[in-house]
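In: here are the coordinates; sequence isn't available:
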């Protein structure tokens, strides 16, 4: 296995950037951290940040923490904020994109750029094509590979994107200066920007993120569903803790991700199943040499990845 | 799912304990940490600790760090150290037990107690029955649930067992005072002691430890074996890091564990496969409600485990 190629060029967080009005739809961990990072960057000027969201309580948190200057709930006529917006960041659950994009399509100004933070991209591109057809030159989908076990405006952190990768999946219709400007926004948050085709993005994330989540959830659900689960879990140690950490993730979010990326994910599950069956056959046959060789390959791959990635995320 | 029952009573590390001669066979992380913990415990007196091992360089490390007072390689007549030994701790790879037990059977004194630190127990009990038949009253198998990514005497740590669980799997032939004394040794290392039947030990460890190791190795080997592995691994993040940490473990050790515990492990692999197939069917069917419910069950099980185990290991 060759060493992983660096996913992106150097971060350019110090490049000057001026934004008039930024509208953040979904002021949670992801959207709120972007707003805080832009405010904290001395090279960036943002005249005004408007937060839009479902929950009044969360928007009040965002105001109290000065993440945003003004707020609108989704029940209010928030589209009126869009005509003079420079950038709209959609950081809401992907399941809400259709209705959000309809409001954006109806109200965005001639110069308004749109980006998002969804974990899957083929479906976002499809929704953009169906709902934002008149402004595709200015819609640049993105996926920041960053997260936390916490959520909401109270968890937002100006340093969340520092050293992390944001994958941008531009559309063929995108204006080059729109792509450059959206990339500059993410870089100004402290991220490295990498570009992928949406379908390849989804295949890669299915393998390195979505499959591990599904495995951790399936493993935990099976174990916890046993009558004698407690006597097993009482002996689980630090290895179990690490292995199952992804199983602590949000049921709603992962319901949406697994369904949005179902084709790539089912292919990954099948490939993993074949690999696991292969290991089971070696164990059943008592093939010590082949088992040791396989475990050495996986150990070496893990070490090489750790060495390559150390200190540079994502 | 009920909360896990506490696996063991309180640690009794401060109870007075006097050991004359302790022989540690395999002065690595596990054996060396036991020796250091006993030395560091003010309530324990150990007259002499003799280290036995394959590697002269590792034994020299153990001497230099004062983990042991004297050393013997396995090529030397180390059996002569056993006649006046109070306790022999076998902390070598399980694959070496047959030959080690033969030397112990030939040379152990009338009062010599034997314990071990192997990760599987049914096979150790079987080997003890075949090789240590004349002294089964004094052979008390054990499995300390503690470890580290490091190995060798240089990694030994007096605090390794603090707050951890040591599972003891006594034999029907054991003298009660032999079991009590071996349990006292492990408690003096700082551990909580829990008792299990060897077969149940192996079933439980297959589920909570051996299966996660096999999954992590199988997942990594499959991914790393792809032609385009590098472009996938470049986008792996912190979730991948946690999920695959067990794949960094020793190929030799895990070859031996998976084969020693093959029956219980193959049953666990089959149960997990069925669970994964079930999740794949829900994804394929687009059954959002059932997926969310399943992910919620696993998330809740993970949270409950974390809350129950927090601060008390293992």
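Out: Done, it's in. Just so it is clear, the model here is predicted, and its values are computed rather than measured.
In: below-threshold pLDDT in the stretch 51-200 of chain A: ranges please.
Out: Residue ranges of the stretch 51-200 of chain A with pLDDT under 70: A:149.
In: could you give the number of residues near the residue of it found nearest chain B?
Out: Among the residues of the stretch 51-200 of chain A, residue A:145 lies closest to chain B, at 5.1 Å counting by Cβ to the nearest Cβ. Using the backbone N, CA and C atoms, a C-beta is placed for each residue, glycine as well. Here the count is done by other Cβ atoms under 10 Å in any protein chain shown, and residue A:145 has 24 residues near it.
In: next one: the one 3 residues further on
Out: A count of nearby residues for residue A:148, using other Cβ under 10 Å, gives 13.
In: got the contact list for it?
Out: Shown in contact with residue A:148 (Cβ atoms under 8 Å, 6 or more residues apart in numbering or on different chains): A:29, A:155, A:157, A:160.
In: is it true that the residue of the stretch 51-200 of chain A closest to chain B touches residue A:161?
Out: No - Residue A:145 is beyond contact range of residue A:161, at 9.4 Å (criterion: Cβ atoms under 8 Å).
In: what do those two both touch?
Out: With Cβ under 8 Å, 6+ apart, residue A:145 and residue A:161 have no common neighbours.
In: residues near the residue lying closest to residue A:123 once chain neighbours are set aside, how many?
Out: The shortest distance from residue A:123 to any residue other than its chain neighbours is 4.5 Å, reached at residue A:260 (Cβ to Cβ, 6 or more residues apart in numbering or on different chains). Per other Cβ under 10 Å, the neighbour tally for residue A:260 reads 24.
In: again, but for residue A:251
Out: 18.
In: what helix or strand is the nearest residue to it once chain neighbours are set aside located in?
Out: Counting by Cβ to Cβ, 6+ apart, residue B:295 is the residue found nearest to residue A:251 once chain neighbours are left out, at 3.7 Å. Residue B:295 is part of helix B:288-309, with elements assigned from DSSP states H and E.
In: can you give me the angle the biggest helix by length in chain A makes with helix B:262-285?
Out: Across chain A, the helix with the greatest residue count (assigned by DSSP state H) is helix A:262-285. For helix A:262-285 against helix B:262-285, the angle by axes from the mean of the first three to the mean of the last three Cα atoms, to 10 degrees is 170 degrees.
In: what's the nearest residue to the residue positioned nearest the centre of chain A if we skip its chain neighbours?
Out: Residue closest to the mean C-alpha point of chain A, counted by Cα atoms, centre = their mean, is residue A:119 at 4.1 Å. Using Cβ to Cβ, 6+ apart and skipping residues adjacent in sequence, the residue nearest residue A:119 is residue A:257, 5.2 Å away.
In: buried set for the helix or strand hosting that neighbour?
Out: For residue A:257, the element it lies in under DSSP H and E is helix A:251-260. Within helix A:251-260, the residues that qualify as buried are A:251, A:253-260, counting by 16 or more other Cβ atoms under 10 Å in any protein chain shown.
In: so what touches that helix?
Out: For helix A:251-260, contacts defined as Cβ under 8 Å, 6+ apart pick out A:93-95, A:119-120, A:122-123, A:210, A:213-214, A:217, A:265, B:283, B:286, B:288, B:291-293, B:295-296, B:299.
In: same deal with stretch A:86-96?
Out: Against stretch A:86-96 from outside (Cβ under 8 Å, 6+ apart): A:19-28, A:30-31, A:34, A:53, A:82, A:97, A:100-101, A:104, A:108, A:111-120, A:123-124, A:181-182, A:185, A:252-253, A:256-257, A:260.
In: flag every buried residue along that stretch.
Out: A:86-95.
In: ranges for the helices of chain A?
Out: Using DSSP H, helices in chain A cover A:29-40, A:56-64, A:97-107, A:122-131, A:176-188, A:198-205, A:211-224, A:229-233, A:238-243, A:251-260, A:262-285, A:288-309.
In: how much space separates the residue nearest to residue A:226 when sequence neighbours are not counted from residue B:217?
Out: Spatial nearest neighbour of residue A:226, chain neighbours left out: residue A:232 (6.9 Å); criterion: Cβ to Cβ, 6+ apart. Remark: distance between residue A:232 and residue B:217 (Cβ to Cβ, to the nearest Å) = 21 Å.
In: more neighbours, these two?
Out: residue B:217 (30 against 20).
In: assess the claim that that one and residue A:298 are in contact.
Out: Yes - proximity of residue B:217 to residue A:298 meets the contact threshold set by Cβ under 8 Å, at 4.3 Å.
In: give me the common contacts of those two.
Out: Joint contacts of residue B:217 and residue A:298 (Cβ under 8 Å, 6+ apart) are residue B:247.
In: got the buried residues for stretch A:53-69?
Out: Those would be A:53, A:58-59, A:61-63, A:67-69, for stretch A:53-69 by 16+ other Cβ under 10 Å.
In: over to stretch A:275-282?
Out: Applying 16+ other Cβ under 10 Å to stretch A:275-282 flags A:275-276, A:279-280, A:282 as buried.
In: same check, this time on stretch A:98-108
Out: So, applying 16+ other Cβ under 10 Å, buried residues of stretch A:98-108: A:100-101, A:103-105, A:107-108.
In: re the thing from before, could you tell me which of the contacts of helix A:251-260 count as buried?
Out: A:93-95, A:119-120, A:122-123, A:210, A:213-214, A:217, A:265, B:283, B:288, B:291-292, B:295-296, B:299.
In: also near chain B: which of the buried residues of stretch A:275-282, exactly?
Out: A:275-276, A:279-280 (Cβ under 8 Å from any Cβ of the partner chain).
In: quick one: the residues you listed as CSV, columns for pLDDT too.
Out: Shown next, in CSV, are these (pLDDT from 0 to 100):
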residue, pLDDT
A:275, 98
A:276, 98
A:279, 98
A:280, 98
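In: tell me the one of these nearest chain B?
Out: For these, the nearest to chain B is residue A:275 (3.7 Å; Cβ to the nearest Cβ).
In: contacts only, for the nearest residue to that closest one once chain neighbours are set aside.
Out: In space, and not counting its chain neighbours, residue A:275 is closest to residue B:222: 3.7 Å by Cβ to Cβ, 6+ apart. Contact analysis of residue B:222 by Cβ under 8 Å, 6+ apart lists A:271-272, A:274-275.
In: with distance to residue B:190 added, can I get those residues in JSON lines?
Out: Below are the contacts of residue B:222 laid out as JSON lines (distance: Cβ to Cβ, whole Å):
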{"residue": "A:271", "distance to residue B:190": "44"}
{"residue": "A:272", "distance to residue B:190": "39"}
{"residue": "A:274", "distance to residue B:190": "44"}
{"residue": "A:275", "distance to residue B:190": "39"}
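In: filter these to the buried ones?
Out: In those, burial by neighbour count holds for A:271-272, A:275, counting by 16+ other Cβ under 10 Å.
In: skipping adjacent residues, who's closest to residue A:156 in space?
Out: residue A:32 (2.9 Å).
In: residue contacts, that neighbour?
Out: With contact taken as Cβ under 8 Å, 6+ apart, residue A:32 is in contact with A:24, A:51, A:62, A:65, A:67, A:152-153, A:155-156.
In: next, work out how far apart it and residue A:53 are.
Out: 10 Å.
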